[in-house]
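**Student:** Could you look at this predicted model? Sequence included:
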Amino acid sequence: MQDLLGEGPCFDIARRGGSAQVFRIEDLTEHQRRWPRYTPEACKLGVGSMMGFLLFADDEEFGALNMYARRPGAFNEVSDTAGVLLASHAAVALASARTYTQMHSALATRHTIGEAMGILMGRYHLDEDGAFAVLRGLSQKRNTKLRLIAQHVCESGGIEE
């Protein structure tokens, strides 16, 4: 709902940045002026209090973990500590998943480039350096990512003259 309305505690803490990592709203009804669209909608859903934690790892923010309670004053310092621990674990898991995805993508790209180089080497009697130079040159000339040029070579079996 915060994303849809463009306001709320997550937006405030994200805009502020810096060292603020946790927010706690003891009684959401006291924030009608601060978030005039978000507060009434959240209260209609039965939110009495809430808290949130920025998810970050290695100075990279991934989003926020939000916790909601029906009654005002449901969260305290113990909740802060538990939430920080949970948010820390979630951020590490997100960072690991992103790293895995990036590595998987890099390996797939490397394989495609190698395959394209092999096609060029066989078809045009080039050595490894020459095949890579052709791919790089086409990438620069066409202002297209190298992996896309390589993918096209793999799909078409060569280069268009």
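**Tutor:** Noted; the coordinates are in hand. Numbering: from 1, shown residues only.
**Student:** Distance check, the residue nearest to the spatial centre of the chain against C10.
**Tutor:** By Cα atoms, centre = their mean, the chain has its centre lying nearest to F62, at 5.6 Å. Distance from F62 to C10, counting by Cβ to Cβ, to the nearest Å: 12 Å. (Glycine included, C-beta is placed from N, CA and C.)
**Student:** ok, now S49?
**Tutor:** Remark: distance between S49 and C10 (Cβ to Cβ) = 15 Å.
**Student:** next one: H89
**Tutor:** Distance from H89 to C10, by Cβ to Cβ: 19 Å.
**Student:** higher neighbour count, these two?
**Tutor:** C10 (20 against 12; other Cβ atoms under 10 Å).
**Student:** so who does the more buried one touch?
**Tutor:** Q2, G52, A64, N66 (Cβ atoms under 8 Å, 6 or more residues apart in numbering).
**Student:** Please identify the helix or strand for it.
**Tutor:** With secondary structure defined by DSSP states H and E, C10 is part of helix 9-16.
**Student:** buried ones in that helix?
**Tutor:** For helix 9-16, the neighbour count (16 or more other Cβ atoms under 10 Å) marks P9, C10, F11, I13 as buried.
**Student:** what ranges do the helices span in the chain?
**Tutor:** In the chain, the helices defined using DSSP state H lie at 2-5, 9-16, 38-44, 77-124, 128-142, 146-156.
**Student:** Can you redo the ones you listed as a markdown table, where the extra columns are mean pLDDT?
**Tutor:** A markdown table is the format used below for those (pLDDT from 0 to 100):
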| stretch | mean pLDDT |
| --- | --- |
| helix 2-5 | 88 |
| helix 9-16 | 76 |
| helix 38-44 | 93 |
| helix 77-124 | 89 |
| helix 128-142 | 94 |
| helix 146-156 | 94 |
